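from the sequence below, what's the structure:
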Amino acid sequence: MNRFTPEFIAARALLVCTLVTFGSANAHVVLQEQAAPAASIYKAVFKVGHGCAGSPTRQLAVLIPPGLTAVKPMPKAGWSLEMAPQRISWTAKTPADMLAHAHYDEFTLAARLPDQTGALYWPVEQVCEAGRNDWTQIPAVGQSLKDLKSPAALLTVQPAAAGAGHNHH
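Numbers count the residues shown, from 1 in each chain. Here you go, the predicted model:
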């Protein structure tokens with residue numbers, strides 16, 4: 001009996017395509033939702049798809065963009081949480097709690113967005129057991145995120161919807 005049926009081959013091909021797409025599309029830390037209305041409470045979910053050249057992630061720090069208020073990070077089991085006025089960091093409590101290079105995880109915080117619309121960049125520092133990735137580059141005029149080696153996470157703040165502004169998540 002041939003175990004390499006058309007269904008088996010198709011399933012394996014889909015898996016490989018998914019892994020290749022995930023690996024290339026998420027080669028840096030990005031926000032799950034990349035647009036939100038001005039003056040709303042925004043749940044920022046930072047997607048981390050890898051460590052540093054094979055080394056596990058032991059800390060993730062998010063630099064809070066100017067104009068955000070009411071910043072509240074979500075604690076993670078196995079990670080300590082440190083809050084400073086413009087910086088939130090999660091640090092693995094033990095080596096077993098670190099995010100393995102081959103695994104994926106999310107780090108979350110909520111904040112009230114400013115009234116102004118436009119691009120809001122979230123620099124992220126990823127510290128690994130060996131090495132680090134600083135996702136802190138902001139494009140210059142005429143550049144796009146694709147032009148950068150280590151881009152900051154981008155949120156597009158859109159005009160507030162009519163009747164919005166009393167969003168209490």
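
for residue 99, the count of nearby residues, please.
25 (other C-beta atoms under 10 Å). In short, each C-beta sits where N, CA and C put it, glycine included.

likewise residue 64?
Residue 64 - counted by other C-beta under 10 Å - has 20 other residues nearby.

contacts only, for it.
Contact analysis of residue 64 by C-beta atoms under 8 Å, 6 or more residues apart in numbering lists 71, 85-88, 111, 122.

cool, residue 56 as well?
95, 98-101, 128-129.

circling back to that earlier point, now list the buried members of the contacts of residue 64.
71, 88, 111, 122 (16 or more other C-beta atoms under 10 Å).

tell me which element the second one falls in.
Element membership for residue 88, per DSSP states H and E: strand 87-92.

not counting its neighbours along the chain, what's nearest the most centrally placed residue in the chain?
Closest to where the C-alpha atoms of the chain average out (C-alpha atoms, centre = their mean) is residue 46, at 2.2 Å. Once flanking residues are discounted, residue 46 sits nearest to residue 107: 4.6 Å by C-beta to C-beta, 6 or more residues apart in numbering.

gap between the strand or helix carrying the one you found and the chain center?
Element membership of residue 107, judged by DSSP H and E, is strand 105-112. For strand 105-112, the separation from the chain centroid amounts to 8 Å (computed by C-alpha atoms, centre = their mean, to the nearest Å).

what helix or strand is the residue nearest to the centre of the chain located in?
strand 41-48.

quick one, phi/psi of residue 147?
phi -80, psi -10 (degrees, to the nearest 10).

these two touch, right, it and residue 141?
No - contact criterion C-beta atoms under 8 Å: residue 147 and residue 141 do not qualify, at 11.7 Å.

test my guess that the residue nearest to the centre of the chain contacts residue 33.
No - applying C-beta under 8 Å, one finds residue 46 not in contact with residue 33, separated by 11.0 Å.

sorry, back to before: given the strand holding residue 88, what are its sheet partners and their directions?
Its sheet considered, strand 87-92 pairs with strand 57-63 (antiparallel), strand 79-84 (antiparallel) by DSSP bridges.

can you put those in CSV and add distance to residue 41 and mean neighbour count?
Converted to CSV, the strands paired with strand 87-92 look like this (distance: least, C-beta to C-beta, whole Å; neighbours: other C-beta atoms under 10 Å):
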stretch, distance to residue 41, mean neighbour count
strand 57-63, 16, 22
strand 79-84, 17, 14
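
residue 116 is nearest to which of these?
Closest approach to residue 116 among these (C-beta to C-beta): strand 57-63, 18.3 Å.

ok, and what's touching the closest one?
Contacts of strand 57-63 (C-beta under 8 Å, 6+ apart): 29, 44, 46, 48, 51, 86-92, 95, 98-99, 101, 107, 109, 122-129, 136.
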